[in-house]
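Visitor: model this:
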Amino acid sequence: MSQDHTGKVALITGGGNGIGAATARRLAAGGAKVVIADIDLAAAERVAAETGGMAAHCDVRRAADSESAVALAIERYGRLDVAFLNAGVLTGCGLGDDFNLERYRLAMGVNLDGVVFGVHAALPALRATGGVIVATASMAGIIGLQEDPIYAATKHAVVGLVRSLGPALAADGVRVQALCPSYADTAILRDARAWLEEIGIPVLPVEAVVDAFERLLASEGTGECWFVVPGRESAPFEFRGAPGPRA
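Guide: Numbering: from 1, shown residues only. As a prediction, the model looks like this:
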């Protein structure tokens, strides 16, 4: 059951499918207005039609597209309360003979630039409302992923960005959180689904990720990275304190 989001306005990148689309539906069911931003405009328009929201073509690798999506939210609804920076891709390559420069650039552009550009574009509006930034990272951003080290590197960067921005933006009244799901039942898994079943790793239902999103949204924390894994209640991951310098 959705929480009460009446009067809130949310921008969701990668909102045309998977976690983004499911979150849009949940937020809209709770009374929020949603702007669905996706590189696949037709998919964004379908979700917007379902949720009574607005669709925006958005290639998150382009700063101007994130700025346009935020501007649409302000123009249509007059405010922005939540920026869910969710767009992401796997690479399917490593750093040996299978390295693929095009896939590397795509992953860096979508997974990291997309979050950086999204934060930059949304900040003025979120400062005005005391809003929340939620970035989709991954458990691969906490523990690594040997099958896709470049993807893991981008998600580690998102985790580091969120942990740094949380305290940095606290004085502005803007909270910044990361959502870190393990393997979720979305199209991004592609051919990995059969491999996961073979080695016995359970796949998260998308609704479990959305449940965690709502809990994260309702929390008062900032700079946190919420793990979402099968069989455990989602919560902020407790990073061990790093050793400080000695005289």
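Visitor: Which parts of the protein are strands?
Guide: For the chain, applying DSSP state E gives strands covering 9-13, 33-38, 54-57, 82-85, 132-136, 175-181, 224-228, 235-236.
Visitor: For the longest one, name the packing helices and strands.
Guide: Which is strand 175-181. strand 132-136, helix 140-143, helix 149-169, helix 206-218, strand 224-228 (3 or more Cβ pairs under 8 Å, 6 or more residues apart in numbering; DSSP states H and E). All C-beta spots, glycine's among them, are computed from the backbone N, C-alpha and C.
Visitor: so which of those gets nearest Asp185?
Guide: helix 206-218 (5.6 Å; Cβ to Cβ).
Visitor: In terms of secondary structure, what does that closest one contact?
Guide: Partner elements for helix 206-218 (3+ Cβ pairs under 8 Å, 6+ apart): helix 18-29, strand 132-136, strand 175-181, strand 224-228.
Visitor: same thing but at 6 Å, please
Guide: helix 18-29, strand 175-181, strand 224-228 (3 or more Cβ pairs under 6 Å, 6 or more residues apart in numbering; DSSP states H and E).
Visitor: Buried residues, that helix. List them.
Guide: 206, 208-214, 216-217 (16 or more other Cβ atoms under 10 Å).
Visitor: what angle do it and helix 18-29 make?
Guide: Put simply, helix 206-218 runs at 60 degrees to helix 18-29, going by axes from the mean of the first three to the mean of the last three Cα atoms, to 10 degrees.
Visitor: Helix 206-218: how far from the chain's middle?
Guide: 11 Å (Cα atoms, centre = their mean, to the nearest Å).
Visitor: tilt between that helix and strand 175-181?
Guide: Using the same axes, to 10 degrees: helix 206-218 against strand 175-181 is 160 degrees.
Visitor: Mind listing residues that contact helix 206-218?
Guide: If you take Cβ atoms under 6 Å, 6 or more residues apart in numbering as the criterion, helix 206-218 is touched by 3, 19, 22-23, 26, 177, 179, 181, 184-185, 226, 228, 234.
Visitor: Pro230 contacts Pro202, correct?
Guide: Yes. Using Cβ atoms under 6 Å, Pro230 makes contact with Pro202 at a distance of 4.3 Å.
Visitor: Now for the residue nearest to Ala24 when sequence neighbours are not counted: which residues touch it?
Guide: Leaving aside its chain neighbours, Ala24 sits nearest to Val34 (4.7 Å; criterion: Cβ to Cβ, 6 or more residues apart in numbering). Contact analysis of Val34 by Cβ under 6 Å, 6+ apart lists 10, 24, 27-28, 51, 53.
Visitor: Return the closest of the residues you listed with respect to Thr222.
Guide: Ala10 (17.6 Å).
Visitor: Provide a list of residue ranges in the chain with pLDDT below threshold.
Guide: Low-confidence segments of the chain (pLDDT under 70): 1, 189-200.
Visitor: Could you check how far Tyr77 is from Thr129?
Guide: Counting by Cβ to Cβ, to the nearest Å, the separation of Tyr77 from Thr129 is 11 Å.
Visitor: Ok, Gly166 next?
Guide: Counting by Cβ to Cβ, the gap from Gly166 to Thr129 is 17 Å.
Visitor: Neighbour count for those two, which is higher?
Guide: A direct count of neighbours by other Cβ atoms under 10 Å for Gly166 and Thr129 places Gly166 higher, at 20 against 15.
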